[in-house]
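K.L.:
requesting a structural model of the entry that follows:
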Amino acid sequence: MTLGEALPWLGASSMLLSSGFLAGAETALFSLGEEQVAAAKPRVRKLLSQPRELLVTILLGNLFINLLFFTSLPYLFPSAMQSNALVTGAQALLALLVVGEIVPKTIALRSSERVSSLVAVPLVPILAWVRPLRRVVNAIMDVLLRAFGVGPAAERGVSPQDLATALELSAKDGDLAGREADLLAEIVELGHLRVREIMTPRVDMLAADLDHDVEQRAHLLEATERQRLTWLPVIRGDADTVVGRVDVRDMLLEPDRPLAELIMPVTFVPEVASVLSMLEVLRAERVAEAIVIDEWGGTAGVVTLEDLFEELVGEMRVEGEEIDRVVIPLGEGCYRVSGGASIRDWNDFFEAEVVPNAFETVGGYVAALLGRIPREGDQVILGAGLACKITEVRGRRVLSVELYLEGSQGGDS
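P.N.:
Predicted coordinates for the structure are as follows:
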């Protein structure tokens with residue numbers, strides 16, 4: 001083969017290899033994990049510190065080379081194109097797919113760290129050379145992105161939905177145990193969880209009153225022992241006037257000392273704050289509990305770090321203590337549900353999609369559907385073939401309901 005005959009093949013081969021180089025570089029660099037990037041050479045980290053510029057450069061280069069490859073075929077192989085252009089074009093396309101895409105990307109995936117170090121050497125100067133052209137392309141891209149409602153040059157972070165999907169896939173693939181995936185999913189959701197969803201509501205809140213006499217104080221200490229409380233909010237007259245907090249141990253050790261002398265400052269958090277915001281406040285104040293206030297400044301309840309832990313890992317108990325389960329199976333298609341169960345728990349257990357409006361609990365949801373003060377024996381149609389009967393009421397509060405399929409014996413029991 002003469003030099004004149006070899007040159008077309010050398011030209012075509014160099015373009016195919018250049019296309020393969022850029023395709024492999026893209027795969028290798030963008031498949032590196034965070035730990036691999038941290039351990040990579042400085043030039044690799046420099047490239048990945050500007051991912052948009054890197055991607056645009058690689059795509060521009062690949063597009064230019066591929067266009068050059070196909071447009072130069074009639075000049076490199078004129079006789080082949082004249083005799084059978086369709087077959088020659090198909091052969092060129094196959095060569096580009098194999099040499100310019102499949103093989104380099106496969107190699108890059110299997111040895112991403114090694115390939116990244118190699119391709120970074122020529123890519124660093126290439127990135128600088130094409131900067132003027134890249135600026136023009138970026139400007140055009142920004143205009144198009146704005147047209148589709150996407151901010152220019154925005155580097156999208158990982159959303160909670162992305163993380164939840166990744167956790168679900170990891171659990172299905174066996175990379176994470178079911179309980180591990182559930183716990184991590186709960187942590188991801190903390191940013192959307194509101195304080196009012198995990199707090200102890202005002203109606204269940206125990207408080208020490210400055211006006212309590214010795215006998216009332218003794219009864220209060222008995223109640224704190226039953227509920228395993230370590231602190232109490234201190235009020236003056238009513239729950240909306242919280243003046244501080246008191247350590248139960250101080251009350252036990254100094255029963256005759258005036259309550260006003262045992263008071264410590266208390267932290268307040270709004271009920272609409274996210275749990276993550278609450279956690280930041282508690283950490284800054286170095287406390288484990290806070291008073292929750294509503295939008296009018298009144299007391300909505302109390303919240304502690306234990307409430308947060310129970311939201312993540314489930315109800316905690318001491319040895320020998322029974323857990324009040326929020327959903328208890330009674331038979332086929334029939335359940336007893338605590339009125340204090342959160343709508344989130346309801347949705348998770350029954351795979352429902354109830355959207356809480358003016359209520360956070362199952363009892364509030366049922367009362368809202370009923371449209372009046374609930375009474376024991378009231379039945380409510382929930383839709384989707386489900387109904388429930390209110391089985392226990394205290395005052396105006398629903399304590400428990402029975403959930404059953406419409407027409408089953410659950411509603412007649």
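K.L.:
CA only for contacts and neighbour counts going forward, please
P.N.:
OK.
K.L.:
low-confidence regions, the stretch 151-300 of the chain specifically.
P.N.:
Scanning the stretch 151-300 of the chain for pLDDT under 70 picks out the ranges 151-191.
K.L.:
again, only this time at 80
P.N.:
For the stretch 151-300 of the chain, applying pLDDT under 80 flags the ranges 151-193, 214.
K.L.:
what about the strands in it?
P.N.:
200-201, 208-209, 231-236, 238-247, 268-270, 289-293, 299-304 (DSSP state E, counting those that start in this stretch).
K.L.:
closest to D348 out of those?
P.N.:
Set against D348 and scored by Cα to Cα, the strands of the stretch 151-300 of the chain come closest in strand 200-201, at 20.3 Å.
K.L.:
tell me the helices and strands packed up against that closest one.
P.N.:
Judged by 3 or more Cα pairs under 8 Å, 6 or more residues apart in numbering; DSSP states H and E, strand 200-201 is in contact with strand 299-304.
K.L.:
in JSON lines, list the strands of the stretch 151-300 of the chain along with distance to V56.
P.N.:
Shown next, in JSON lines, are the strands of the stretch 151-300 of the chain (distance: least, Cα to Cα, whole Å):
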{"stretch": "strand 200-201", "distance to V56": "53"}
{"stretch": "strand 208-209", "distance to V56": "65"}
{"stretch": "strand 231-236", "distance to V56": "59"}
{"stretch": "strand 238-247", "distance to V56": "59"}
{"stretch": "strand 268-270", "distance to V56": "46"}
{"stretch": "strand 289-293", "distance to V56": "50"}
{"stretch": "strand 299-304", "distance to V56": "50"}
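K.L.:
out of those, which is closest to V366?
P.N.:
Going by Cα to Cα, the one of the strands of the stretch 151-300 of the chain nearest V366 is strand 200-201, 17.7 Å.
K.L.:
rewinding a little: let me know which of the strands of the stretch 151-300 of the chain is the nearest to P374.
P.N.:
With Cα to Cα as the criterion, P374 lies closest to strand 200-201 of the strands of the stretch 151-300 of the chain, at 19.0 Å.
K.L.:
among the strands of the stretch 151-300 of the chain, which is nearest R397?
P.N.:
strand 200-201 (12.1 Å).
K.L.:
parallel or antiparallel, list what pairs with the closest one.
P.N.:
Strand pairing for strand 200-201, determined by DSSP bridges: strand 299-304 (antiparallel).
K.L.:
C-alpha coordinates for the partner strand, PDB please?
P.N.:
Output in PDB follows, covering the C-alpha atoms of strand 299-304 (Å, rounded to 0.1, in the frame of the first residue of the first chain):
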ATOM      1  CA  THR A 299     -49.300  27.000  73.200                       C
ATOM      2  CA  ALA A 300     -49.900  24.200  70.700                       C
ATOM      3  CA  GLY A 301     -47.900  21.400  72.500                       C
ATOM      4  CA  VAL A 302     -44.400  20.300  73.400                       C
ATOM      5  CA  VAL A 303     -41.700  18.600  71.400                       C
ATOM      6  CA  THR A 304     -38.600  16.700  72.400                       C
END
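K.L.:
any residues touching it, and which ones?
P.N.:
195, 198-203, 205, 239-242, 271, 288-294 (Cα atoms under 8 Å, 6 or more residues apart in numbering).
K.L.:
rerun at 10 Å
P.N.:
With contacts defined as Cα atoms under 10 Å, 6 or more residues apart in numbering, strand 299-304 is touched by 195-206, 232-233, 238-242, 268-271, 278-279, 282, 287-294.
K.L.:
same question for stretch 272-282.
P.N.:
Against stretch 272-282 from outside (Cα under 10 Å, 6+ apart): 187, 189-198, 267-271, 283-290, 292-295, 303-305, 308.
K.L.:
and what of stretch 5-17?
P.N.:
So stretch 5-17 is contacted by 3, 18-21, 23, 62, 65-66, 68-70, 72-73, 75-77, 92, 95-101, 104 (Cα under 10 Å, 6+ apart).
K.L.:
which of these are buried, as a ChimeraX select command?
P.N.:
Applying 16 or more other Cα atoms under 10 Å to the contacts of stretch 5-17, the buried members can be selected in ChimeraX as follows:
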select :18,19,20,21,23,62,65,66,69,73,76,77,92,96,97,99,100,101,104
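K.L.:
got the domain ranges for this protein?
P.N.:
3-147, 160-189, 196-313, 327-411 (automatic domain parsing).
K.L.:
chain neighbours aside, what residue packs nearest to C334?
P.N.:
Y404 (4.5 Å; Cα to Cα, 6 or more residues apart in numbering).
K.L.:
I390 is in contact with that neighbour, correct?
P.N.:
No: using Cα atoms under 10 Å, Y404 is not in contact with I390, being 11.5 Å away.
K.L.:
now what about the host helix or strand of L96, what contacts it?
P.N.:
For L96, the host element (DSSP states H and E) is helix 78-97. With contact meaning Cα under 10 Å, 6+ apart, helix 78-97 is reached by 12-13, 15-17, 19-20, 66, 69-70, 72-75, 77, 99-104.
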